[in-house]
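*Asks:* when you get a sec, could you give me coordinates for this:
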Amino acid sequence: MLDRNDYWQCGYVIPKGGFDKIKENGLHSFGEELSKAVPFLKDRVNELKEWDQIKLLSVAMDCLEKWYTPGLLCIGDAAHAMSPVGGVGINLAIQDAVATANILYESLKEKKSADTVLLKRVQKRREFPARVTQRLQRTIQNGIFIRGQSNNQQKAPFLMRMLNKWAVLRQIPARLIGIGIRPEHIKTPACK
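*Replies:* Numbering: from 1, shown residues only. I've put the predicted structure just below:
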């Protein structure tokens with residue numbers, strides 16, 4: 001939830017295709033569900049007067065099979081759309097840019113166009129971290145968000161129980177979110 005001073009912005013995770021069911025149940029019912037999830041909103045949900053105040057963000061994770069063609073290289077969301085889970089999309093995009101600069105620097109410095117061999121090297125370097133991160137996002141999404149919405153959920157998902165039981169394990173997701181699967185470091189000479 002984000003306090004935008006004159007309104008609150010919040011995310012509410014629903015299963016794919018679930019928004020129509022929520023709308024069928026009505027705005028009042030949706031407000032009640034929000035109040036259950038975030039009790040301090042109970043006296044504020046009556047501000048929701050029409051469905052136009054609610055925006056649906058459809059999330060899709062995908063990855064291009066080929067990130068390049070002569071004269072074009074896709075990186076970041078253009079190459080691999082990420083889920084908002086973990087907020088790591090920007091991290092991967094920046095790391096893609098750093099890897100791209102490292103790999104293409106010499107060619108571009110000499111004012112040559114980057115040949116497809118170099119473009120392919122960028123994809124080879126960055127595709128693995130993107131796909132692993134997407135797999136982790138799916139695991140979190142399916143294991144925590146979706147299972148957590150089930151009314152008959154008796155205990156936390158296995159991963160959450162392990163993180164709760166052994167504090168040392170909490171460093172792993174923190175590192176993966178903060179640093180990434182394959183961190184990139186600038187290797188090009190400083191600009192003069």
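*Asks:* when you work out contacts or count neighbours from here on, use the C-alpha atoms and nothing else.
*Replies:* Fine.
*Asks:* right, and the helix or strand after the helix or strand bottoming out on mean pLDDT in the chain?
*Replies:* The helix or strand of the chain with the poorest confidence is helix 147-148; it has a mean of 53 (mean pLDDT, DSSP states H and E). Downstream of helix 147-148, the next assigned helix or strand under DSSP states H and E is helix 158-165.
*Asks:* what's the offset of that following helix from the middle of its chain?
*Replies:* On the basis of C-alpha atoms, centre = their mean, to the nearest Å, helix 158-165 sits 22 Å off its chain's mean C-alpha point.
*Asks:* how's the chain carved up into domains?
*Replies:* Annotated domains of the chain cover 2-53, 68-178 [automatic domain parsing].
*Asks:* tell me the most buried of these?
*Replies:* Looking across the domains of the chain with neighbours counted as mean count of other C-alpha atoms under 10 Å, the highest average goes to domain 68-178: a mean of 16.
*Asks:* quick check: end-to-end length of that domain?
*Replies:* In domain 68-178, first residue to last residue: 27 Å (C-alpha to C-alpha, to the nearest Å).
*Asks:* distance from that domain to the middle of the chain?
*Replies:* Remark: domain 68-178 is offset 8 Å from the chain centroid, using C-alpha atoms, centre = their mean.
*Asks:* could you list the low-pLDDT ranges of this structure?
*Replies:* For the chain, residues meeting the criterion pLDDT under 70 lie at 143-157, 190-192.
*Asks:* quick one on the thing from earlier: the domains of the chain into CSV, with extra columns for distance to residue 185?
*Replies:* Shown next, in CSV, are the domains of the chain (distance: least, C-alpha to C-alpha, whole Å):
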stretch, distance to residue 185
domain 2-53, 32
domain 68-178, 7
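*Asks:* closest to residue 189 out of those?
*Replies:* Closest to residue 189 of these is domain 68-178 (C-alpha to C-alpha; 9.2 Å).
*Asks:* list of residues touching stretch 170-189?
*Replies:* For stretch 170-189, contacts defined as C-alpha atoms under 8 Å, 6 or more residues apart in numbering pick out 86-88, 91-92, 95-96, 98-99, 101-102, 105, 126, 129, 132-133, 163-164.
*Asks:* can we see that at 10 Å?
*Replies:* 85-89, 91-92, 94-106, 125-126, 128-133, 136, 160, 162-164 (C-alpha atoms under 10 Å, 6 or more residues apart in numbering).
*Asks:* the domains of the chain: which one's closest to residue 59?
*Replies:* Using C-alpha to C-alpha, those put domain 68-178 closest to residue 59, at 6.1 Å.
*Asks:* this structure: helices as residue ranges?
*Replies:* Using DSSP state H, the helices of the chain run over 19-25, 27-37, 89-109, 116-140, 147-148, 158-165, 171-178.
*Asks:* as JSON lines, the ones you listed with distance to residue 12 would be great.
*Replies:* Formatted as JSON lines, the helices of the chain follow (distance: least, C-alpha to C-alpha, whole Å):
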{"stretch": "helix 19-25", "distance to residue 12": "11"}
{"stretch": "helix 27-37", "distance to residue 12": "8"}
{"stretch": "helix 89-109", "distance to residue 12": "19"}
{"stretch": "helix 116-140", "distance to residue 12": "15"}
{"stretch": "helix 147-148", "distance to residue 12": "13"}
{"stretch": "helix 158-165", "distance to residue 12": "20"}
{"stretch": "helix 171-178", "distance to residue 12": "21"}
